[in-house]
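1. quick one, what's the 3D model for this:
(one chain, ligands or ions: 1)
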Amino acid sequence: MQTDQLENVDNGSQLESTNNNQSSGSTSQSHRGFSVTPLSQRLQTPQSQNMSTSRSQSSGSGELNAYIEQSELDDTYDDLSRLCWKCGIKVLTTFLFSYDNWKRSQEDIDRVMIMFEEEMISNLQESMRHDIRISVIGDRTRLLKSLIEVITEAEEKIEANSRLHLILAIGYSGQSDILQASCKKLCRKVRDGLIRGEDINKNIFEQELGKNVCTQFPFPDLLIRTGGDLRLSNFMAYQSAYAELYFTKTFSPDFGEEEFIMVLKSFQERHRRYGV
Ligand SMILES: CC(C)=CCC/C(C)=C/CC/C(C)=C/COP(=O)(O)OP(=O)(O)O
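-> All right, here's what the predicted structure looks like:
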């Protein structure tokens, strides 16, 4: 797929317009967009990367949050980021390591953790150059101190970047996200008298969920799972309720521009009803 085809077919404003036509203003969703979710790959590959995209219904900016899995972060990183910004996608979530992956062998875990650290360091410069913001979601308590420091540095240094928000899910679990981020926080607020239990509603719950990471585009529109497995493996259990799903047998290192554009076209053709 050539660049001109990409621009003609998948620029952000066209996607936005398509979405608005589909919704006809009747959806109750406050956040809509496009998100692509990566697939998990079992092999010996130490990591995978997810991309998700989301657009704001109200912004009209065609912002997109994408999520893709890959096994070689360094090779795919630039490509996925580049594809996202070319298509008007503003948020890309990459599933690198799930909380359940702590059950893997220590040798494998050590290897991927070292790789994460090296990649974070080398990608920081690239991200500064390309106006990319990086955030990390997931439980950091089991990460090496040195990795946490690198993550914190990256998050702080390029917080103001706005071309693409790259969210890396490390030690992430969608179920824990719900339990820890929302249920426990809300219980504490009720206990401390900050809110009343009977006042808890969808909006309040969602404010707690991933509150500090991507409030503008919290829900992926499109989840792409590569590698042939037909499941989400604990990724964004709440946020993906109305995400469009795309499953492919392609392993993430081979998931390139041509298939990416095909997925976006497929997304554009879908009719999202949100129960209406
Ligand atoms: C230590 C090590 C080598 C980790 C790498 C594992 C891996 C492919 C992580 C990528 C993140 C991800 C997509 C997790 C879900 O896949 P899953 O394969 O965990 O999901 P499944 O259990 O449902 O197949």
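2. helices along the stretch 101-250 of the chain, start to end?
-> Assigned by DSSP state H, counting those that start in this stretch, the helices in the stretch 101-250 of the chain fall at 106-129, 145-157, 174-176, 185-191, 202-208.
3. and residue 258, which of those helices is closest to it?
-> Across these, the minimum distance to residue 258, taken as Cβ to Cβ, is reached by helix 106-129, at 23.6 Å. Backbone N, C-alpha and C define where each C-beta goes, glycine included.
4. so which elements touch the closest one?
-> Where contact means 3 or more Cβ pairs under 8 Å, 6 or more residues apart in numbering; DSSP states H and E, helix 106-129 is packed against helix 73-86, strand 91-98, strand 132-137, helix 145-157.
5. single out the most deeply packed of those.
-> For the helices and strands packed on helix 106-129, the stretch with the most neighbours on average is strand 91-98, a mean of 29; neighbours defined as mean count of other Cβ atoms under 10 Å.
6. how about that strand, does it reach the ligand?
-> Yes: with Cβ under 6 Å from any ligand atom as the threshold, strand 91-98 lies in contact with the ligand, specifically through 95, 96, 97, 98.
7. quick check: the farthest pair among these?
-> The largest distance within the residues of strand 91-98 next to the ligand, taken as Cβ to Cβ, falls between 96 and 98 and amounts to 8.6 Å.
8. hey, C-alpha coordinates of stretch 216-229 in PDB?
-> What follows is the C-alpha trace of stretch 216-229 in PDB, where atoms were taken according to Å, rounded to 0.1, in the frame of the first residue of the first chain:
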ATOM      1  CA  GLN A 216      -9.200  12.300  26.400                       C
ATOM      2  CA  PHE A 217      -9.400   9.000  24.500                       C
ATOM      3  CA  PRO A 218      -9.800   6.300  27.100                       C
ATOM      4  CA  PHE A 219     -11.500   3.600  25.000                       C
ATOM      5  CA  PRO A 220     -10.000   1.800  22.000                       C
ATOM      6  CA  ASP A 221     -12.100   1.800  18.900                       C
ATOM      7  CA  LEU A 222     -10.200  -1.000  17.200                       C
ATOM      8  CA  LEU A 223      -8.300  -3.900  18.700                       C
ATOM      9  CA  ILE A 224      -6.100  -6.000  16.500                       C
ATOM     10  CA  ARG A 225      -4.900  -9.300  17.700                       C
ATOM     11  CA  THR A 226      -2.100 -10.800  15.800                       C
ATOM     12  CA  GLY A 227      -0.600 -14.300  16.000                       C
ATOM     13  CA  GLY A 228      -3.800 -16.400  15.500                       C
ATOM     14  CA  ASP A 229      -5.200 -16.500  19.000                       C
END
